[in-house]
Structures are given as C-alpha cells and as structure tokens.
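[1] how does the following fold in three dimensions:
(chains A and B)
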Amino acid sequence: MKSSDLDFMEGAPYIHRMAKQVQQDQVTRAARRAVLIDGIPVATLGGIALALGSTPDQSTAQKAWWIATTTVFTLAVAWVLLRAFRRADEYLRRIQLESMAVAFAAVLVGLQVATLLDAAGVIRLRQLAQLILLGGVAVWLLIADLRTRLHR
Amino acid sequence: MRNRLRELRAARRWSQADLADRCQVSRQAINAIETERYDPSLPLAFTIADVFGLAIEEIFHPDRMETTGDPA
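    Residues are numbered from 1 along each chain as shown, chains lettered A, B, ... in the order given. A predicted model of the protein is given here:
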C-alpha cells in the first residue's frame, strides 16, 4: 500500500467513507431485523403449538388444532429458511449452513438424550420433542448471528 | 489462498462497502475474503477481477507459490 493511500485514510474523505460504511452496517442490521421479523411470529407459533401439544387428555378438536398449528409452524420454518437463504450471498450462506449443521447436531443429541430419559420413564418424549426442535432453531439463529457480529 | 484485495481497494480509495456494492455481495463477505478467512467461489472471483479490471491470477495467489517460490 502506498503512503498516499494511508494519508488518504487519515483524512476527511476517509471519515465520509467510514460514515457510509456505518450506513452499510445499518443495511446489515436491517437484514438482521428482517430475520427477526420473520422469526418472531414463527417462534410464537412454535410456542403455541408446544402449548397445545402439552395439554394432557386432549379432545378431538384440541388434537385437530394442535396438528394444524404444528403443520403451519413446520411450513413457516421452511419459509423462513428459504427467505434467509435467498437474502444471503455465498459467504453468509456458508455461515448459515455451518450454523444449521451445529443446530442439527444439537437437535440429534437432544432427541437422543430425551429418548433415553423417556425409556427410563423420567420424561415423556412427546412433550419435549417440539421444545428440542425450537431449541435447534434458536441455536442456529444464535450461532449465525454471533458469527456475523464477531467477524466484522 | 492469498489475495491483493485490500491493496487494490486502497489504491482505488474504495471502502469495503463500496467494493461489496460493486460485487453485489455483503460487506462481511469482502472482509472475510480480505482477511483470508474465506476463499470466494470462481464466479465471485471473476466478478471481483472484472470490478478491478484485472485477471484473477493478478488478484488471487495460491499459498504454494510462496512456499515453492516458483509456480512452474
């Protein structure tokens, strides 16, 4: 790098450029907000599905609501994933995929532990299955967010 | 893979955001490429080369070139 380039970076135009960079960061923050805007209703729906599924001795109508809510939740998660991938470039897409791989492993471990505890009669697996899936989504979002925040 | 992205960008007085806009990728992607945490795909490498008006091999160098000293 030439010294004139370094001089330029110390000068007022550099501040202007940095201001633009901050503005671009705001664009990144807007993209992150878009993920949250997508994610919050879906997470709420997941909570509702969880609550409906946790009710003991369900009536037929309650079961129908539970199945319908869970189906909509599953489709909504797929929709959020699709939108996140469309929004991302190749680097962010790789971060998302790596985060999903970690989340998938967390879900597998969670399900395995829950299955063992279910077999031992400590917990009921069907009550925890949705919670574990929601936890997986949370792990995915958290890791992806942390990685994009830490490597600015 | 090593690259001259930071040097070329500074010579043109572009910020990472400027280059990201020109390449139509995120600023994080440009930052990751500059700091050699991420190797771009071939299409993105071509786009970057087009943006700078250079050939890919003038921007990106494999690590082995420095270890062997002679690419041939």
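
[2] which residue ranges of chain B form helices?
    In chain B, the segments counted as helices under DSSP state H are B:5-11, B:16-23, B:27-34, B:42-52, B:56-59, B:64-68.

[3] which of those sits closest to residue A:114?
    For residue A:114, the closest of the helices of chain B is helix B:27-34, at 35.7 Å, according to C-beta to C-beta. Every C-beta, even on glycine, is put in place using the N, C-alpha and C of the backbone.

[4] give me every residue in chain B lying close to chain A.
    Taking C-beta under 8 Å from any C-beta of the partner chain as the criterion, the neighbours of chain A within chain B are B:6-7, B:10-11, B:13, B:15-18, B:20-21, B:24-29, B:31-33, B:35, B:37-38, B:40-41, B:44.

[5] list only buried entries from those residues.
    Buried subset of the residues of chain B next to chain A (neighbour count, 16 or more other C-beta atoms under 10 Å in any protein chain shown): B:6, B:10, B:15-18, B:20-21, B:25-29, B:31-33, B:38, B:40, B:44.

[6] how about the helices in chain A?
    Under DSSP H, chain A gives helices at A:3-10, A:12-54, A:60-87, A:90-119, A:125-150.

[7] of those helices, which approaches residue B:56 most closely?
    Short answer: helix A:90-119, nearest of those by C-beta to C-beta, at 16.1 Å.

[8] okay, buried residues for that closest one please.
    A:91-92, A:94-96, A:99-100, A:103, A:106-107, A:110-111, A:114, A:118.

[9] from the residues you listed, list the ones also adjacent to chain B.
    Restricting the buried residues of helix A:90-119 to contacts with chain B (C-beta under 8 Å from any C-beta) yields A:91-92, A:94.

[10] between those, which is closest to residue A:62?
    residue A:92 (40.8 Å).

[11] one step back: could you dump the buried residues of helix A:90-119 to TSV with distance to residue A:82?
    Shown next, in TSV, are those (distance: C-beta to C-beta, whole Å):
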residue	distance to residue A:82
A:91	19
A:92	15
A:94	17
A:95	17
A:96	11
A:99	16
A:100	13
A:103	16
A:106	22
A:107	19
A:110	24
A:111	24
A:114	28
A:118	32
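
[12] which one of those sits closest to residue A:147?
    Within the buried residues of helix A:90-119, proximity to residue A:147 (C-beta to C-beta) peaks at residue A:95, which comes in at 5.1 Å.

[13] got the contact list for the spatially closest residue to the closest one that is not a sequence neighbour?
    Closest residue to residue A:95 apart from its sequence neighbours, by C-beta to C-beta, 6 or more residues apart in numbering or on different chains: residue A:147 at 5.1 Å. By C-beta atoms under 8 Å, 6 or more residues apart in numbering or on different chains, residue A:147 lies in contact with A:95, A:98-99.

[14] list just the nearest of these to chain B.
    Comparing the contacts of residue A:147 against chain B with C-beta to the nearest C-beta places residue A:95 closest, at 8.3 Å.

[15] so where is chain A shaky, pLDDT-wise?
    Counting by pLDDT under 70, chain A shows low-confidence ranges at A:1-30, A:151-152.

[16] residue A:137 and residue A:40 touch, don't they?
    No: if you go by C-beta atoms under 8 Å, residue A:137 and residue A:40 don't touch, sitting 11.8 Å apart.

[17] which one of these two has more residues nearby?
    Set side by side, residue A:137 and residue A:40 show more neighbours around residue A:137, with 19 against 10, by other C-beta atoms under 10 Å in any protein chain shown.

[18] and the more buried one, what does it touch?
    The contact partners of residue A:137, by C-beta under 8 Å, 6+ apart, come to A:39, A:43, A:46, A:77, A:103.
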